[in-house]
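Enquirer: Sequence below, structure please.
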Amino acid sequence: MGYHWDFAIVFRFAPALLHGTVLTLELTAITIVFGTLLGALVEVLRRVPSRLASFVVALYIEVFRALPLLVLLVWLYYLLPLAWGIRISSFLTAAIAMTVNLSAFAAVTIRSGLEAVPRGQNEAALALGMNPSQVLFRIVLPQTARVLLPNLLGLYITMLKLSSLASVIAVYELLHSANTVISQVYRPLEIYTVIALIYLILVLPMSYLSKRLESRVQPRPA
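Expert: The predicted structure is shown next:
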């Protein structure tokens with residue numbers, strides 16, 4: 001006897017799944033904005049002529065690149081109340097953990113983008129009378145952006161998918177909302193099929209954009 005699919009149940013709980021989708025997008029957007037800014041700040045601090053600053057930044061990057069996001073989520077969620085009596089919402093905890101995680105990878109990506117610009121161009125621009133700000137905004141950033149954007153988009157896609165891990169600390173994102181619905185209707189195949197389609201709808205446009213940008217960055221064969 002074959003399985004009897006019943007997608008009508010999905011429409012009944014569509015508001016809950018829609019709420020989970022919106023929360024997933026909110027969490028991802030917050031992570032992207034603050035994770036990128038923090039990553040840029042980390043890269044700026046790395047360039048400070050101080051051995052201590054360089055050591056702290058290098059340690060920060062290595063630690064948060066090595067720690068799995070799931071471990072970081074659970075650690076923050078239970079450590080802050082127990083160790084320091086700090087109680088914050090599960091959503092904010094997830095946002096902090098994901099932001100820190102993204103910032104470590106974004107810092108490395110930003111560094112590679114900046115180093116892709118030949119140093120001779122900076123020196124030539126300065127020799128022509130440009131000040132450092134003009135060199136940054138007219139020479140460095142336009143070239144860096146072309147290299148950075150595809151790589152950063154790849155990180156953003158990863159964070160969108162990793163946002164599902166926030167369900168373990170009861171953030172009512174897409175996966176958690178799906179599990180809540182499943183616990184009421186006991187139709188996991190239908191619900192997870194719809195969840196997979198929603199993730200595809202969210203991820204595929206970003207993936208397509210990333211590939212288009214990457215193809216523009218790569219030099220054309222002669």
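Enquirer: can you give me the strands for this structure?
Expert: Secondary structure of the chain (DSSP state E): no strands present.
Enquirer: elements contacting the helix ranked longest in it?
Expert: For the chain, the helix with the greatest residue count under DSSP state H is helix 14-46. Judged by 3 or more C-beta pairs under 8 Å, 6 or more residues apart in numbering; DSSP states H and E, helix 14-46 is in contact with helix 51-66, helix 90-115, helix 141-162, helix 174-185, helix 188-217. Just so you know, the C-beta spots here come from the backbone N, C-alpha and C atoms, and that holds for glycine as well.
Enquirer: give me every residue that touches the closest residue in space to residue 144 that isn't next to it in sequence.
Expert: Leaving aside its chain neighbours, residue 144 sits nearest to residue 113 (4.3 Å; criterion: C-beta to C-beta, 6 or more residues apart in numbering). Listed by C-beta atoms under 8 Å, 6 or more residues apart in numbering, the contact set of residue 113 reads 144-145, 147-148, 151.
Enquirer: Just give me the least confident of these.
Expert: Ranked by pLDDT, the contacts of residue 113 bottom out at residue 145 (73).
Enquirer: Return the distance of the closest residue to residue 36 other than its chain neighbours relative to residue 62.
Expert: Excluding the flanking residues, the one nearest residue 36 by C-beta to C-beta, 6+ apart is residue 106, at 5.3 Å. Note on residue 106: its distance to residue 62, by C-beta to C-beta, to the nearest Å, is 15 Å.
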